[in-house]
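A.B. asks: build the 3D model from these lines:
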Amino acid sequence: MAGVFGVVAYGLGTLIAFLVVAGLIILFIKDITQKKHTVLRNYPIIGHLRYWLEELGEYFRQYFFMNDREEMPFNRATRGWVYRLAKDEGGVIGFGSTNNQGEPGSIVFVNAPYPVLEEDRLPTPPVTIGEGYCKQPFAARSVVNISGMSFGAISEPAVRALSRGAARAECWMDTGEGGLSPFHLEGNCDVIMQVGTANYGIRDGDGKFSLERARELATLPQVKAFEIKLSQGAKPGKGGVLPASKVTEQIARIRGIPPYEDSISPNRHRDIASADQLLDKIALLRDATGKPVGVKTAVGGWQFINELAEAINRRGLDCAPDFVAIDGGEGGSGAAPQALMDHMALSITEALPRVVDALIESGLRNRIRVIASGKLVTSARAAWALCAGADFVNSARGFMFALGCIQALRCHQNTCPTGVATHNPRLQRGLVVEEKFIRVANYAINMNKEIDMIAHSCGCRHARELRREHVRIVQAAGQSVAFNILYPYPQPGAKVRAS
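C.D. replies: You can find the predicted model right below:
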């Protein structure tokens, strides 16, 4: 019997060896005769190693070759910071920082010689959006909130975990342009309904904006405000793109589009081509719903915000947006063309203070709340945004990390290994909602706590007392300059008086 098995094994081994050799011969012939790839034509078979290593290189570099502060878009130190907050492990390290405080652009907070004692600290107060200008203003309790990520771009369990986590942390959740799904409502959290350029989830049969649908959405107690998205930091000037493989029947039904076809948004709202038309749309939506209405946009210069401010002052404060969400050019939870991702729109570090200054000069700062987003995933960056003049901070990728994202850079391929940005049931299985929603909540809660900690160290009783004089920015020579020197506070209402 042993002899028979030996003969079978020998024959099987010979067959396998023959198939391998035959396969290599076929591959050799295919490589040297094809005309598309020079490397394979000159180096058949072994040339495939080049493409294999190129494909896997970005993943190897992350773990083996780059130090903690080198990687982009988020380095290992930053991701580790977020993971610790999400796991409620505390943001404590030992033996010194690996952050190079002499690097241009680094943030240095100005510690007070006599920081605020624990018994003198005050809770960070909520800020009301739309008070005095709409029937149902929204009292927002958390400084840190969940930025727009569409159901479709991210998975069902991801949306469910974010909704439940937001409810526990008492922060809001932006729907993104993909519309409102049942999973956004599952946790009973505060929701901001985004109105994208394709009107997903708020459109009629012809794809046009539906005021009737807006009224229906406004009756839901979870929907606290509406946000008209002009553009986003990942791809200013281009609409969202959801590949056909991710447009399931369920997602198509929520968006109001055909299933299994590429979902491509127009690059702007067809009914908004000027500041006056934007204000008309804001007033129309606010009057119909009774809810606050704001605008989300990336900023490429000062023309937009100046023209908007001039139009508001000409028409009256009733026409103003209740909030403006400024998305920096470094934003990017969604897939986008590299030319736009790399080179379009100003960074949040420049856009935010300039927008705030324009609102102050126009006498509109007290009327319009300001939300900042764009790689503000750590408490230090969020605290800087408050110093610059923001009322709130939105984060998308920070909460993706809280869900378990490992920065695999496959968000647009439907192959996300952590189940965050895929509709593959096998991959979604790894994202356990009952576990991840707690991490989402922990991240938001601990971010708010650390922002308060920075404020107390600066001598402020709570985070909303942070001002530009509380932070310094390192310059090219390695020396820091006070932020209020780089961006001096303008004279309130100066432009209104000048006109």
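A.B. asks: tell me what the helix or strand containing Val21 is packed against?
C.D. replies: Take DSSP states H and E as the rule and Val21 turns out to sit in helix 2-33. Using 3 or more CB pairs under 8 Å, 6 or more residues apart in numbering; DSSP states H and E as the contact criterion, the elements in contact with helix 2-33 are helix 38-42. The C-beta positions use only the backbone N, C-alpha and C, and glycine is treated the same way.
A.B. asks: can you point out the buried residues in the helix it packs on?
C.D. replies: Leu40 (16 or more other CB atoms under 10 Å).
A.B. asks: the helix or strand encompassing Cys387: how far from the chain's middle?
C.D. replies: Assigning secondary structure by DSSP H and E places Cys387 in helix 379-388. Per CA atoms, centre = their mean, to the nearest Å, the displacement of helix 379-388 from the mean C-alpha position of its chain is 16 Å.
A.B. asks: which other residues reach that helix?
C.D. replies: With contacts defined as CB atoms under 8 Å, 6 or more residues apart in numbering, helix 379-388 is touched by 85, 91, 107, 109, 143-144, 348, 352-353, 356, 372, 375-376, 393, 395, 446-447, 450-451, 453-455, 463-464, 466-468, 470-471, 483, 487.
A.B. asks: at 6 Å instead, please
C.D. replies: Outside helix 379-388, the residues within contact range by CB atoms under 6 Å, 6 or more residues apart in numbering are 107, 352-353, 372, 376, 393, 447, 450-451, 454, 463, 466, 468, 470-471.
A.B. asks: looking at those, which one is closest to Arg439?
C.D. replies: Ranking these by separation from Arg439, with CB to CB as the measure, puts Met447 on top at 12.3 Å.
A.B. asks: out of the contacts of helix 379-388, who's nearest Pro44?
C.D. replies: Nearest to Pro44 among the contacts of helix 379-388, with distances taken as CB to CB, is Leu376, at 49.5 Å.
A.B. asks: the nearest residue to Ser373 once chain neighbours are set aside bridge partners, please.
C.D. replies: Distances taken as CB to CB, 6 or more residues apart in numbering put Asn394 closest to Ser373, at 3.9 Å, once the chain neighbours are dropped. Assessed by DSSP bridges, Asn394 has beta-bridge partners Asn145.
A.B. asks: I'd guessed Asn394 sits against Asn145; true?
C.D. replies: Yes: when contacts are counted by CB atoms under 6 Å, Asn394 is listed as touching Asn145 (5.4 Å).
A.B. asks: quick one: buried residues of the helix holding Cys387?
C.D. replies: In helix 379-388, counting by 16+ other CB under 10 Å, buried: Ser379, Ala380, Arg381, Ala382, Ala383, Trp384, Ala385, Leu386, Cys387, Ala388.
A.B. asks: what's the domain layout of this structure?
C.D. replies: For the chain, automatic domain parsing gives the domain ranges 2-65, 119-498.
A.B. asks: need the winner for burial among those domains.
C.D. replies: Taking mean count of other CB atoms under 10 Å as the contact definition, the stretch among those with the greatest mean neighbour count is domain 119-498, which reaches a mean of 20.
A.B. asks: so how far is that domain off the chain centroid?
C.D. replies: With CA atoms, centre = their mean as the basis, domain 119-498 stands 8 Å off its chain's centre.
A.B. asks: and after the host helix or strand of Asn306, which helix or strand comes next?
C.D. replies: Element membership for Asn306 (DSSP H and E) is helix 303-315. Helices and strands here follow DSSP H and E; after helix 303-315, the next one along the chain is strand 323-327.
A.B. asks: spatially central residue for the protein, please.
C.D. replies: Geometric centre of the chain, nearest residue: Ala396, 3.0 Å, by CA atoms, centre = their mean.
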